[in-house]
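Trainee: the sequence and its predicted three-dimensional model are supplied below.
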Amino acid sequence: MSQYVFQQIINGLALGSLYALVAIGFSMIYGIVRLINFAHGDLVMIGAFTTLGLVAYGVPWPLILMFVLLVGALAGMTIEATVFRPMRGAQQVTGFIATLAVSIVIQNTGLMILSGQPRNFLFPAFMRQRVQLGSVSASLTDLTIIGLTVALIALLLVIVYRTRLGAAMRATADNLTAARLMGIAVNRTILTAFAIGSALAAAAGLLWGGKFGQIDPLLGFAPGLKAFIACVIGGVGSIGGAMLGGYLLGLAEVLFVGLLPPQFAGYRDVFVFTLLIVILLLKPSGLFVRHVEERA
Amino acid sequence: MAAARSFTGPVAGIAVLCACAVLVYGAQARLSPYLVTLLAITLINVALAVSLNISNGLAGLFSLGHPAFMTIGAYVSAVLTFPPGRKDFMLPDLPSFLMTTQLPLLPALAVAGMIGAVIAFLVGLPVLRLKGHYLAVATLGLIVIVQGLATNWSGLTRGGSGLNGIPRLTGIWWCFGFAALVVYTALRLKFSSLGRAMMATRENALAAESSGVSTYRIRMLAFVLGAFFAAIAGGLMVHLITVVTPKSYSVVLAFNLVAMVVIGGTGSITGSIVAAIALTGLSEAVRPLEEKLGLYGLSQVIVALGLILVLFFRPNGLLGSGEPRFVRRIFGGSLP
């Protein structure tokens, strides 16, 4: 395999990992409360800036990761408990508008506190070197992103499919009323789903900064929308679908830029959103989900 | 109160219009040019909020695509009104028939509106089959697509740096006339059988369909009409501010317009007017504070928090989906 193609694939997998991390939380939240959480992307920003702040204090990286997960979880729970819970049962679109408003609040509070100036965000020097794998090489940052994502996803799958809490979450997603009748503390379960999903998004923020090198308070917009697209590709509400959708989207994006002549590179987002609309129309339930919900 | 009751129909409408015109005239004579420009922008915002209310409020299709159509309208009308001499310099790669044309504002706006409407139709063909928040995100995607095209299609748009030095052809009266036209159209629509068909589509698409309403066509009509007005508003705006970049009209604007519609009351034209004036005024009032404290973004936070509070305590907005009595009297509707 030529170095170029290999590099593109690794690049796509790393980008896909970030999308998958964000998309999984997005999908969990949608699956459980049928809410398209537009503010989800902004947790990526919160995670990125939390990392930056802790790096400045010289906190060791494993500890930073723990802390970022915690901050993300707390932020997600706060949003759910203060804004979304009182609105439960309102119309779908009302909830969506509320998430948009929360996103605007977070972004602009970020602007007020942190200023709009982009800041440099660097992983430690050893992370930025390249690793030789036979005849090809890859950046350690990309490999770390992929590895950490796989670990986090594995952890998540264990929680969702092997614990009582996970069973409660799946039951609530399946049928909220029935779950409540069976004695599941629905609100607490939803809160947990928000906590887990948001923690993953914040972790994605840590990695996002490392991959792109610069962060600013408005950076959450892109991952939020891309996560939504990843979910649509994989089938909204499904964790596995979101994961696969994230990786597919990352690879598709990188290949689009990498394989076409350079003058098309600027059309990347145009391509991605056209893809979204095409999939919404042709396969609204997603590529990997058989369950069909009214959407079109 | 016989006198009050006879104050109905077109006469009353014309009286209200004249009263507003007198207010604008007074404002133009008394206020500083800065405030007059602000008033013009407020009027454009009124038109935008009301036109968004046609699709989002009356027909119940939640679109965020207004900024996309504004961008289209802004670029189309700017290219059409640019003096050819300036085009040689700014847009040397323009097709030759565009190179030599220079239209006055009105035809340029008409062309902009038409192109916006045609694009809305083409986009609507597939997209309007989506519902609820799926439609919202698809139309959000439309903003990103249009921005991407405006950034990369440099032959037509001069890329990311945008167009500047656009002739300042719009004045307060243009904006007033346009706002009046949009409000009139929206209210006439609301109190017509077509408007009822739209509201029926919003309330229960299946029931509307069973009563012989083609909901798809109704939704398309609302979407295209909103886009038509949005494109013209973009054209007016660009000839007022004289600059346009691909990022001029973005998601934040879509959010603010949605905030106006929701705070005023989804479906209430009067509510949209009031909310558009109030929110535009609020942002402007907070601006000195923002600059003094260096807290850029404060007005946006206030708007968003206000919206959340309205969703909490008055989810139907300040005016619900109805109109005040004097508006109903003018338009002779029996609807609430």
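Mentor: Received the coordinates, thanks.
Trainee: can you list the residues of the stretch 151-300 of chain B near chain A?
Mentor: B:151-152, B:251-252, B:255, B:258-259, B:262, B:295-298, B:300 (Cβ under 8 Å from any Cβ of the partner chain). C-beta here means a position set from N, CA and C on the backbone, and glycine is covered the same way.
Trainee: ok, B:Leu305 - contacts?
Mentor: A:101, A:105 (Cβ atoms under 8 Å, 6 or more residues apart in numbering or on different chains).
Trainee: ok so, going back, the residues of the stretch 151-300 of chain B next to chain A in helices, which ones?
Mentor: Using DSSP state H, the members of these that fall in helices are B:151-152, B:251-252, B:255, B:258-259, B:262, B:298, B:300.
Trainee: mind listing the helices for the stretch 1-150 of chain A?
Mentor: A:3-33, A:40-56, A:61-79, A:92-114, A:140-162 (DSSP state H, counting those that start in this stretch).
Trainee: just the stretch 1-150 of chain B next, same as before
Mentor: Using DSSP H, counting those that start in this stretch, helices in the stretch 1-150 of chain B cover B:2-5, B:9-30, B:33-53, B:66-81, B:84-90, B:96-100, B:105-127, B:132-152.
Trainee: OK, contacts around B:Ile330?
Mentor: B:Ile330 touches B:8-10, B:12-13, B:16, B:187, counting by Cβ under 8 Å, 6+ apart.
Trainee: how close does the nearest residue to A:Gly205 once chain neighbours are set aside get to chain B?
Mentor: In space, not counting the residues next to it along the chain, A:Gly205 is nearest to A:Gly47; the distance is 2.5 Å by Cβ to Cβ, 6 or more residues apart in numbering or on different chains. In this view, A:Gly47 and chain B are 20 Å apart by Cβ to the nearest Cβ, to the nearest Å.
Trainee: what's the first-to-last distance across stretch B:120-135?
Mentor: Counting by Cα to Cα, to the nearest Å, you get 13 Å between the two ends of stretch B:120-135.
Trainee: tell me how far A:Pro60 lies from chain B.
Mentor: Applying Cβ to the nearest Cβ to A:Pro60 and chain B gives a distance of 33 Å.
Trainee: so what's that residue up against?
Mentor: So A:Pro60 contacts nothing (Cβ under 8 Å, 6+ apart).
Trainee: pLDDT score for it?
Mentor: Per-residue pLDDT puts A:Pro60 at 89.
Trainee: and it, what are its phi and psi?
Mentor: Here is the backbone geometry of A:Pro60 (degrees, to the nearest 10): phi -70, psi 150.
Trainee: for chain B, which helix is longest?
Mentor: helix B:215-241.
Trainee: what strands line up against the next helix or strand after it, and which way round?
Mentor: Note on helix B:215-241: by DSSP states H and E, the next helix or strand toward the C-terminus is strand B:243-244. Next to strand B:243-244 in the sheet, as set by DSSP bridges, lie strand B:163-164 (antiparallel).
Trainee: averaged pLDDT, the partner strand. What do you get?
Mentor: 82.
Trainee: can you tell me which residues contact the residue in the stretch 1-150 of chain A positioned nearest to chain B?
Mentor: Residue nearest to chain B within the stretch 1-150 of chain A: A:Asn108 (3.3 Å; Cβ to the nearest Cβ). By Cβ under 8 Å, 6+ apart, the residues touching A:Asn108 are B:297-298, B:300-301, B:304.
Trainee: and for B:Val262?
Mentor: So B:Val262 contacts A:97, B:307, B:310-311, B:317 (Cβ under 8 Å, 6+ apart).
Trainee: hmm, who's touching stretch A:273-280?
Mentor: Taking Cβ under 8 Å, 6+ apart as the rule, stretch A:273-280 contacts A:228-229, A:232-233, A:249, A:252, A:286-287, A:295-296, B:126-127, B:130, B:134, B:137-138, B:141-142, B:144-145, B:148.
Trainee: the same query, at a cut-off of 10 Å, please.
Mentor: A:225-226, A:228-230, A:232-234, A:245, A:248-249, A:252-253, A:256, A:267, A:285-287, A:295-296, B:123, B:126-127, B:129-130, B:134-135, B:137-146, B:148 (Cβ atoms under 10 Å, 6 or more residues apart in numbering or on different chains).
Trainee: now which of the residues you listed would you call buried?
Mentor: Using 16 or more other Cβ atoms under 10 Å in any protein chain shown as the burial test, the contacts of stretch A:273-280 include A:225-226, A:228-230, A:232-234, A:245, A:248-249, A:252-253, A:256, A:267, A:285-286, A:295-296, B:123, B:127, B:129-130, B:134-135, B:137-146, B:148 as buried.
Trainee: doesn't B:Gly212 lie inside a strand?
Mentor: No - B:Gly212 sits outside any strand when classified using DSSP: H, G, I helix; E, B strand; the rest coil, being coil.
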